[in-house]
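**Student:** please find the sequence and the predicted model below.
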Amino acid sequence: MLNKELLKGLYVLTDATLTPTETMLEQVERVLKSGVNIIQYRDKYASDEEAEKQCIRLQALCDYYEAIFIIDDRLEIAHRINADGLHVGMDDVSYEEARELLGADKIIGVSCYGDIERAKKYAALGADYVAFGAFFPSPTKPLAHVVEHEVLGAAKAELNVPICAIGGINEENIHWLSQYDIAMYSVISAVYQEDAIEENLEKLQAKIDFLQNK
C-alpha cells in the first residue's frame, strides 16, 4: 500500500536536458539521499523503450528509499511497470482512463494550471493531488502561461486534497508561494543547477521551513 502521507514537501522532476540518461540515476539518488520523498519522471522526447528502461530503474530506486515514484503522462508504461503513480495534464491521457487502468490504489495527480473548477472536478473524481502553475517563468517550460499566486489561497479554501505548485520555483521566489501553506513544490532547474544538488535542496527546504514556521 502506497503511503500517500508522503505527498508533501519538495517534488523533484527529471528533465531530458538536466538529467540525461547517462547520469539520471546517480542524480536522482542524490536527491533521494537528501530527503526528498517524491520523484517524477518527465521526458517528452525519449522513446517508449528508453523511457520504460529508465522508469523501471527509477521505481526500484524509489522503492529502496521508500519514496513515491510518479511518471508524467505515459500511462501504458506506468501500468506495465507497476509504478506508484501518474501525472496528467490537459493534453495528456485523461484522468478517467488513467484511474480505470491503474486502479484506486495508485497515485494520480492532475495539472490544473490556474483553473479552480478543473481542480474541484478532479478532486471530486478522486485525484490524489492537484497542481497549479506555472507561477514563474520556467526554463524547462518557457511557453507555460504564468498564473497569479492568489490561486493557491483560493484552492486551499475550496479543496481538501494536497495542492502542488509548479513552474519556475527556486530559492529566490519560493517564499511567494510558501505563505499559502500548500503541500508540495515541484522543482527542476533549481535542484540540478551547478551540479550542487545537495546544497540546492537544503536551501530550498530551509526556505520552506522558515516561512512555514514564522
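**Tutor:** Okay, I see it. Residues are numbered from 1 along each chain as shown.
**Student:** strands of this protein, start to end?
**Tutor:** In the chain, the strands defined using DSSP state E lie at 9-13, 38-41, 68-72, 85-88, 107-113, 129-132, 163-165, 184-187.
**Student:** okay, these in JSON lines with distance to residue 207 next?
**Tutor:** Heads up, the C-betas are built off the backbone N, CA and C, glycines and all. Supplementary listing: those in JSON lines, determined by distance: least, CB to CB, whole Å:
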{"stretch": "strand 9-13", "distance to residue 207": "10"}
{"stretch": "strand 38-41", "distance to residue 207": "18"}
{"stretch": "strand 68-72", "distance to residue 207": "22"}
{"stretch": "strand 85-88", "distance to residue 207": "24"}
{"stretch": "strand 107-113", "distance to residue 207": "23"}
{"stretch": "strand 129-132", "distance to residue 207": "19"}
{"stretch": "strand 163-165", "distance to residue 207": "13"}
{"stretch": "strand 184-187", "distance to residue 207": "10"}
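**Student:** so for residue 122, which of those strands sits nearest?
**Tutor:** strand 107-113 (4.4 Å; CB to CB).
**Student:** partners of that closest one, with directions?
**Tutor:** strand 85-88 (parallel), strand 129-132 (parallel) (DSSP bridges).
**Student:** would you pull up how far the first one lies from the middle of the chain?
**Tutor:** With CA atoms, centre = their mean, to the nearest Å as the basis, strand 85-88 stands 9 Å off its chain's centre.
**Student:** and the contacts of it?
**Tutor:** 2, 40, 42, 68-75, 78, 93-95, 98, 102, 106-111, 128, 131 (CB atoms under 8 Å, 6 or more residues apart in numbering).
**Student:** now swap in the last one and tell me
**Tutor:** Outside of strand 129-132, the residues that reach it under the criterion CB under 8 Å, 6+ apart are 7, 87, 107, 109-114, 119, 122-123, 147, 151-152, 155, 159, 161-166, 183-184, 186.
**Student:** now swap in stretch 27-46 and tell me
**Tutor:** With CB under 8 Å, 6+ apart as the criterion, stretch 27-46 contacts 6-16, 19, 21, 51, 54-55, 58, 61-62, 65-73, 87, 184, 186, 188, 191-192, 197-198, 201-202, 205.
**Student:** for PyMOL, write the select line for the buried members of those.
**Tutor:** Entered in PyMOL, the line below selects the buried ones among those, by 16 or more other CB atoms under 10 Å:
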select buried, resi 6+7+8+9+10+11+12+13+14+15+19+51+54+55+58+61+62+65+67+68+69+70+71+72+73+87+184+186+188+191+192+197+201+205
